[in-house]
Structure formats: C-alpha cells, structure tokens
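Peer 1: Test case, fold it:
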Amino acid sequence: MKILVIGHPDAVLGFSLAGVSGKVAATADEVNKALDEAQANKDIGIVLVTQDVAELIPARMEHLSLRSTIPLVVEIPSRGGAPEGQASLGDIVLRAIGIKL
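Peer 2: Have a look, this model is predicted:
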C-alpha cells in the first residue's frame, strides 16, 4: 500500500524526502485530477491532502473524508502548521496509519 500527498510544492518536496510520492496542485482542477488518478490507482491506500489545497474543493473533501475507505483521504495542515485547536500533522498521521512522526 502506497501513500500519496497532494498539495503545495513544499509539502510534496518534504514528503518526497521521506520516500512518499506526491502531486503538486494549485487549482481545483489539478486537485480533482490528482484525486481521480489516486482513486483509480489500486496501489494507493492513503492520500494526504494539504489544507490549503483541500480548501479549493470543500464539498468533495467532505464527501471523501466521510465515505472514502480505500484510498483513505486525510486532510493535513499546510506549511503554516495546524490552526489552534486542530490536530498536528503528527497526530493526524498517527491516527490515520499508526505511525508516530
């Protein structure tokens, strides 16, 4: 099972250093295309979407977070970090895949 990150270039680069592939997306069309490709790829089990990119497609992200099982779609904080009161990236990854960062 592979992990894919969709988002800001800095996030994609950072995750690539840890061996996680990614797709840079800056528009709603790019995000939707990347999500469509991820859902069509049977090797991808988890899709991490940065918060700034997820805000471009709020309805689809809500639908995927409520109903998607494989791949599991998880929204992660953008490069500015998690807003106050929201879980950190480490907490989100721990809950999603059981790995402590």
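Peer 1: Which parts of the helix of greatest length in the chain count as buried, going by neighbours?
Peer 2: The helix that spans the most residues within the chain, counting by DSSP state H, is helix 28-40. Applying a neighbour-count criterion of 16 or more other CB atoms under 10 Å, one finds 31, 34-35, 38 buried in helix 28-40. All C-beta atoms are positioned from the backbone trio N, CA, C, and that covers glycine.
Peer 1: Next: stretch 3-16.
Peer 2: For stretch 3-16, a neighbour-count test (16+ other CB under 10 Å) marks 3-8, 11-12, 15 as buried.
Peer 1: quick one: which of those sit in helices?
Peer 2: By the criterion of DSSP H, membership of those in helices covers 11-12, 15.
Peer 1: measure P71 to D10 for me?
Peer 2: To D10, P71 is 22 Å away according to CB to CB, to the nearest Å.
Peer 1: circling back to that earlier point, which one of the ones in helices among the buried residues of stretch 3-16 is nearest E75?
Peer 2: E75 has its nearest neighbour among those in A11, at 11.8 Å by CB to CB.
Peer 1: For the protein, which segments are assigned as strands?
Peer 2: Taking DSSP state E as the test, the strands found in the chain are 2-7, 21-24, 44-50, 72-76.
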